[in-house]
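Asks: everything below, folded, please.
(3 chains)
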Amino acid sequence: MGREKEKQNPSEKALNLLRTRLSNPNFIFKPLSDSPDSNYSKLKFIISSSVTEACNNSILLLGPRGSGKVAVLELVLGDLLQQYPEVISVIRLNGLLHSDDNCALKEIAQQLCVEHQLLFSKVASFDDNSQFMIAMLRECGLAHKTIIFVLNEFDYFAQGKQRLLYSLLDAMQSVTSQAVVIGVSCRLDVDQLLEKRVRSRFSHRKLLFLPPSKEDTERFMEHILSLPVDSSLPHNYTVEFNARLKKILSDERFKELINTYLSFNSTIGHLVRFLFQAVSYLDLDVGFLSLENFKTALSSMQRQPKLECIRDCSILELYLLVCMKRLEVKEQNSYNFNSVMTEYKSIHDSFQTSDYYARNVCLRAFEHLLQHQLISFADNRGHNQSVEFRPVKLLISLAELHQGLKSYRLCPMFYLDLIKIGFWILPLVQACKLHKIPAFDSFLVCYVNYYCCGASFLPLKMVKVAFSRQLS
Amino acid sequence: MASSLDDASPPSIDAVTENNLQPFFVLQKGSLRKSERKSSGTGKTRRRIDLSPALPKNSENPEDEKEDENMNLRMEAFEFVWSKIKSTIKDVLRDINTSVFSEIQSWVHQTFDTIRSLGTPDFLEATQSFPVITDANSRKLFTGLVLTKNMEFVDDLMTFDALGKHLKSQGCHVANLSSLDFIAKNGIGGCLRSLLRQFLKSTLDPADISILASWYGEENYKNPVVVIVDDIERCCGSVLSDFILMLSEWVVKIPVILIMGVATTLDTQRNILPSNALQRLCPFEFTLGTPAERMDAVVEAVLVKPCSGFSIGHKVAVFMRNYFVSQDGTLTSFIRALKIACTQHFFVEPLSFILHEFVLEEENWVLEIGRYGLSPEVMWKHVFNLPSCQRVKMTKQTNESLAHAFSELKRLQNQWRAVVLCLYVTGKGEKVRLLDLFCEAIDPESYNKREFATCTKLEKDSILSPSSRQRPSLAKGRVIFEAIHLVRDLSTGQLGKLLKIWKNLTVGIPEINDKVKELQSLLKIEDGKSSKKDLIITPKRHASRIQLDNEKDSKSLSDKAANLLECMVRDYMQPIECIPFHEIFCFKNVDKLQLALIGDPRRRIQVDLLEFQKLLHCSCCISGSNALLPSMHDTSIMYKLAQEHGDLINLHDWYQSFKSVVLRPSSSKRKSRQSPLPKKRKDINETENQSEASTQARFCRAVTELQITGLLRMPTKRRPDFAQRVAFGL
Amino acid sequence: MAKEEGLQVTRRTTRYSASNNAVEPTKPTEFYKPTLNDLGFRQQPLGFEDLLSCFPGRSTQVLELLRLLGPLNSPMFPVLVYGGPSTGKTSVTLQVFRHLNRPFVYSSCVTCYNPRILFESILNQLWFHRKNSGHSYSSVKRCERPSDFVNYLREASESVIDNLKGNSGKLSSKLSGQPNGTMVYLVFDNLERVRDWDKSSTILPFLFNLCDILKMPEVGLIFISSTSPDTYYLNIGYLEPIPLYFPDYTEDDLRQIFMANQVNRKLYTSFLDVVLRPFCRVTRRIDELSAAFSSLFKKYSEPLSDMEVAPNEDMKRRLFTHLRPHITTALNETFQVRSQPLLKAETNQETKKKNSSRMSGIREDFDKMDFHMSTSAKYLLISAFLASRNPATLDASLFDSTGVSDSRKRKRKASEKSMEQKKMAEQELLMKGPGTFPLERLLAIFQCITSLAEDSLDEEGSDELTIEGGSGGLMSDVLLQLSSLCNANFIIKGGSCPLEGSTRYRTAVSEDLALKVARSLKFPLSKYLYRR
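Replies: This is a model prediction of the structure:
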């Protein structure tokens, strides 16, 4: 086993280090915390003030997923716990887990017990727990200890009867209590979800977490990716590594690559994910990051699942897709397996295609499409009815289908033709609809049928000419 | 078939009551009892019923305790006979299934070996969570599709139980699942739970298949695990497909073999299951005996072969046959009918206790009257008043003559049996149904006027008109004729075989047996010739010519055989109803059976409502007159009134007419009274509106009753003032 | 998926020798106590070359997965492995773990069909707990809610990781084939099944956010799904796991896979040359293809005397001509039922007899329709078929007293409607499928049909007995017949109790079956069918 040798291998160690960093939010968000106007310092100020002044408080941390709300909060709490060691006790809840009030209160009671070395009774009822909580709040208030409630996924608590929120905030109205409620949510309108009685007791202090600015991004990429000089890693390797990294970061291609990525998902979380991909492409034998890694990472990040599905389809399944699309072009708004089969038959009759299969084979292909979710049932009704009667709808656009067909290897050309007619006619028909020209509209539809039954096909330019004449 | 064989067997009863038209079913059951009661009111059976109330009056004479002693005897006899019939039927059915069962069992074992060859995981591997990685085929789930060629499922419940027992005895782990385990409501948890319950003999809260795996691990991997789903038509498709997918995930760790009962056709799977579940299956098909075959076997064992002295008359037979063909093709109901017939026979026929002896004793036995609580003179009277006995003038009414008559009857019956069986074996190859044959063979008048010339003619045109073929009833002598006709064009070899069988069948009856023998000897000679010919000319191409002249002389032979069969039919096939004293042994009362079997509830209800006088013989309303009288029963008045409407009845008009009917005479009285004494009007008024209230009450009750009987549908929200008639069946 | 049993076999044999003596002591009496090793694959790890070689056409995916898992003890982001069914997702993942020999916990959401079972199976594995009859197959902890699960999971995985850390120090662990590394990976297979557990309201978001909730870098998450990530619509966003895509096999991959461990490679290549392309146009799924090929190859090699022969050109040609008809049939067949050989022989005889037989009504009906139905049930089925095919408005014209001829006329009138209207109607029929009908209508039609049938029969003037037996009967317990038809899935019913008349029925019988039944009754079905 050569694993001992690998242990010595510096590049692997570096890789390990980087991955550990990337999966450790505290490390990631450290650099963003120092500037005075950062959320970190705001949050810290608010909480610490409410701790020192022994008052109740409530805050909402809002921002898209992966914008580091929880991470920053944890940083703050960590610092505060160091500052005021025995004054603060933190209760953490998650909406995904404790959305129903009963188990939420249970959880609260349990954590309180753990905090204060009390023993917790599993059998305690909802009321017992709520009374216990209120009592604890009063006690802590008298003892000048602050309880910080962190409600992650706050919107989950806001659905339902909100008994928990109400009892919590109501208890905080009393002067004796001393608690901070911090709601974390990725719904910006979460305070609109609150009932009136809850909202009236809630202080609408919000902290918004925005995506980082460009220079922030760069700073923090460098912060993450550059290896520490003072580590067990061989010094020259570290220097080399960092130098190369600098070169990459300063590279223009890299910059616009990053921009393209951030243009469609800009939060730090996504960035971290991207960096993780890139790092995981790090070649252990070379041991240094390269631009290629980032490129491949980007390509693997930007997927088009529908196109992949289309590429996975067999010819027959494509055939069925084309049939459905044609039905749509013919403005047959709802269709099911049977009508698709009639279309299939008509095409086969007109073009004498090579692949014409039995009905049950087509049905199997149809079910494959359903599994791939390229198509789906139009409605949830009629479960007792068999598959071939339930109306379906396509989940891919005409353009997607066209692109997929083009990228498909060994795809018979005439499918493209079949689809092309739709590809041209559809916008025309829509335009006509726009201009309210039923005559031309119907003409186009007839025209489509005319083409579908395999007759010789006059060029589309003429159609467009006719179309424009109609418009004028 | 259980419900009729042994009444204490639940499953088939479930299967019957579990049909989703409960109310009607209940109604029919109710009306069935009712109909029996009615039947006692009408027809020839009336006599007996009138007797029985008469008995208590002259209770001092020894008649009646003799009577009920006799009744006890009859009941014993019934118990005896029926148990005999029951056991016979059981054996027959078991024998029918054995071959298929053994086939299935061998298949199961070789399948088990193939699964094992894909890889036997050790205990750790079998209980670990992740699948054993082999190729895609190893996730195939071997499935036996057992075609029970019958849409009705009642017959096959027992069959699948028996199959389960058989496989258990062969050392497989077996679980019987029914469609009730595959309900969408319970989801897949339901069927897994029942699976675990049957394998582990304990109910576990989270029914998890890994439990099954570890259990199987502790059984250490000796035997296949068989899961029998008896009717997939009724299973919920999604649940079934989930079940299949899950099993196929585990098939290497738990070698599960699925056996599914298919009632109708093979592509029911295609309709029920989605493709991804279908292609996990690796199906094999097996076929159970068709209900017709089973029926023949049962008829042969019970009615044709000497089983119990009990037999049925021609009309009864035809009725039961039609019931089987046209009503519900279940053996269960056939046997039930048989049982009903048997019961009623023993109930009605005072001498039926003789059957007991008749079965036990051998030839030439004398029945001494003393034993059978019946006083001799009564008995004699009864015996020699039997119509059949009237026909044949029996001079001296003595014990010996009776005994002789009985033995005679036995002899004739044996002949009859022999002939029928001969016909049956002849026609078997061409699927002559024994049931039809039986119905013809037992037909008395066709026996009385049986000339074959006419018969053949009739046969010809019946062949020409095709629709007569699928006719449930049969033109006279058709099947018999066909059977005989078949003999004519038999090859020598087949004829030889046939004759051998005949010989064995007719052992008891010398006169036929000899004829068969001599025919055989003739055949031997023929064979000698033909074989010589073959020796002379070996080359193949001449074979045809040889065939030809072989044909020729074998033709003559087979003609002889046919003639023999004809004369057998003519002379020896004497149906039981042409024999004196047959009433004792043979049940002939069709319409009672029909009443018991086909309740026909809706028609009966409506009939009863329309002419209710027949039921309650009340003096108040003149029977026969269609005029509506207030003294009639409300419901029947309502129903008669409803006849006048279409299928939508305006409640108000209905009520008005009802009221007018009910209050008619009183109103007329009132008119007469009103003019002279106007001051009484007040109390008249209140009587009026109290009668109004009562009328409404009666109206409502009547409507409710009509609704409960399913003749009427209550007003819907859309049209609140209209009731709808649910009128059909009359 | 379809290919590594070649080396599976070798491994298995080796394992026998190892395992048998391991199994013998573990009699049901004293139970097996799992240890840390059971988190690993418990087989000697797979070499890198073997790993790549046993997955033709999957090398890129294998490498990618290895990269994402990273070197020893390096934390990872959650990964979503997705791709069509039978593209080797599960087996690649498992074999990769076997190659790395790291501890992992596998749980398939097909086997664990509800949250509780899923949670408990994971916890059982982490706590080294095997269900056995000793503790009556109970699982280690009862855990239904996600909140409990998270607490337990934390507990359990911490203990496991401490355990790992403990003996990763010792050198002995290497020798005793223990899983190495101090990370434990949770593998969720068949994730797509979770979507329809509770309308994907709580469990799915929970699983996707599990790593955020858990905050344990030592626990890696791997999801395996047969549908692409965009099919997991969640109302709350989630930081979606890193996608790893398994495309369907290309034709060449398929060829390699099928060529793996064939006895007579030359013969099989020629076979594939013939077969593979046409089938790939229909489906490229291994399982479906292998099901089709296994039977086809038998056919293909039927004429050959010895299976070892290497086919030359003209032999190939002959074999192909021999095979061609079978190919077309197999292409159009999704589900073929095999039957036992001896049984087949019998059936053949049966058919021979049928051909020879030249007689007698009812029996042949038994032959024609391959299952037994009573006459009244047949009539009922036909009437149900008519009721669901014909528009209710036409019943009067079809079944009026004047009979069929008149109805024909009317039908012609109906068919002389204008074209597109007809097309619309047909469209309608295609879309709606068989129409529904109330009980009354069914029974009315049934009565008409039976009465027609009976008076047609009365012309033959047969004895009254059968008539009362037959006709009175036909109507009598028709409702029981109806129920048994419902049980046989020929008639689908909705609603509850026919007394309220709320039920409407629909037939599920295909037309050819109905025609078959009608033929067996000599009933002119086509005359009564609207627009045919």
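
Asks: I'd like the next helix or strand past the helix or strand encompassing B:Glu566.
Replies: B:Glu566 is part of helix B:540-567, with elements assigned from DSSP states H and E. The element immediately downstream of helix B:540-567 (helix or strand, assigned by DSSP H and E) is strand B:586-587.

Asks: doesn't B:Ile480 belong to a helix?
Replies: Yes. Secondary structure of B:Ile480 (DSSP: H, G, I helix; E, B strand; the rest coil): part of a helix.

Asks: quick check: B:Leu281 touching B:Gly144?
Replies: No. Applying C-beta atoms under 8 Å, one finds B:Leu281 not in contact with B:Gly144, separated by 10.3 Å. In short, each C-beta sits where N, CA and C put it, glycine included.

Asks: overlap of the contact sets of these two?
Replies: B:Leu258 (C-beta atoms under 8 Å, 6 or more residues apart in numbering or on different chains).

Asks: for B:Val146, what are phi and psi?
Replies: For B:Val146, the backbone dihedrals (degrees, to the nearest 10) come out as phi -100, psi 110.

Asks: chain C versus that one, what's the distance?
Replies: Here B:Val146 is placed at a distance of 11 Å from chain C (C-beta to the nearest C-beta, to the nearest Å).

Asks: check contacts around that residue.
Replies: By C-beta under 8 Å, 6+ apart, B:Val146 lies in contact with B:Val100, B:Ile104, B:Phe160, B:Leu163, B:Ile259, B:Met260, B:Gly261, B:Val262, B:Glu285, B:Phe286, B:Thr287, B:Leu288.

Asks: and the strand or helix carrying the first one, is it in reach of chain C?
Replies: Secondary structure from DSSP H and E places B:Val100 in helix B:63-118. Yes. With C-beta under 8 Å from any C-beta of the partner chain as the threshold, helix B:63-118 lies in contact with chain C, specifically through B:Glu103, B:Trp107.

Asks: separation between C:Val263 and C:Ser305?
Replies: Counting by C-beta to C-beta, to the nearest Å, the gap from C:Val263 to C:Ser305 is 15 Å.

Asks: okay, helices next: where are they in the stretch 251-400 of chain A?
Replies: Secondary structure of the stretch 251-400 of chain A by DSSP state H, counting those that start in this stretch: the helices cover A:252-264, A:268-280, A:291-301, A:305-312, A:315-329, A:337-351, A:359-372, A:398-407.

Asks: what average pLDDT does the last one get?
Replies: Model confidence over helix A:398-407, given as mean pLDDT, is 79.

Asks: can you get me a residue count around the one residue in the stretch 1-150 of chain A that gets nearest to chain B?
Replies: Among all residues of the stretch 1-150 of chain A, A:Lys122 sits closest to chain B, at 19.1 Å; criterion: C-beta to the nearest C-beta. If you count neighbours by other C-beta atoms under 10 Å in any protein chain shown, A:Lys122 ends up with 6.

Asks: and B:Ile340, by the same measure?
Replies: Neighbours around B:Ile340, by other C-beta under 10 Å: 18.

Asks: need the nearest residue in space to it, chain neighbours excluded.
Replies: Leaving aside its chain neighbours, B:Ile340 sits nearest to B:Ala596 (4.9 Å; criterion: C-beta to C-beta, 6 or more residues apart in numbering or on different chains).

Asks: how about the residue in chain B that chain A sits nearest to, what does it touch?
Replies: Nearest residue of chain B to chain A: B:Ser275, at 4.2 Å (C-beta to the nearest C-beta). Applying C-beta under 8 Å, 6+ apart to B:Ser275 gives the contacts A:Leu363, A:Arg364, A:Glu367, A:His368, C:Thr334.

Asks: max pairwise distance over the residues you listed: which two?
Replies: Spatially, the most separated pair among the contacts of B:Ser275 is A:His368 and C:Thr334, at 11.4 Å (C-beta to C-beta).

Asks: quick one, strands of chain C?
Replies: Under the criterion DSSP state E, strands of chain C are mapped to C:79-83, C:104-108, C:184-189, C:219-225, C:242-246, C:338-339, C:437-438, C:491-493, C:504-507.

Asks: now the strands: where do they sit in chain A?
Replies: Assigned by DSSP E, chain A shows strands spanning A:57-62, A:88-94, A:146-152, A:179-185, A:205-208, A:375-377, A:392-394.

Asks: and chain C, is the second one touching that?
Replies: Okay, so that is strand A:88-94. Yes. Counting by C-beta under 8 Å from any C-beta, chain C is contacted by strand A:88-94 at A:Asn94.

Asks: could you give the angle of that strand to strand A:179-185?
Replies: Here the directions of strand A:88-94 and strand A:179-185 differ by 30 degrees (axes from the mean of the first three to the mean of the last three C-alpha atoms, to 10 degrees).

Asks: and strand A:88-94, which strands flank it?
Replies: strand A:146-152 (parallel) (DSSP bridges).

Asks: domain parsing for chain A?
Replies: A:34-208, A:213-301, A:304-411, A:414-472 (automatic domain parsing).

Asks: can I get the ones you listed in TSV with distance to B:Val304?
Replies: Converted to TSV, these look like this (distance: least, C-beta to C-beta, whole Å):
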stretch	distance to B:Val304
domain A:34-208	73
domain A:213-301	81
domain A:304-411	47
domain A:414-472	67
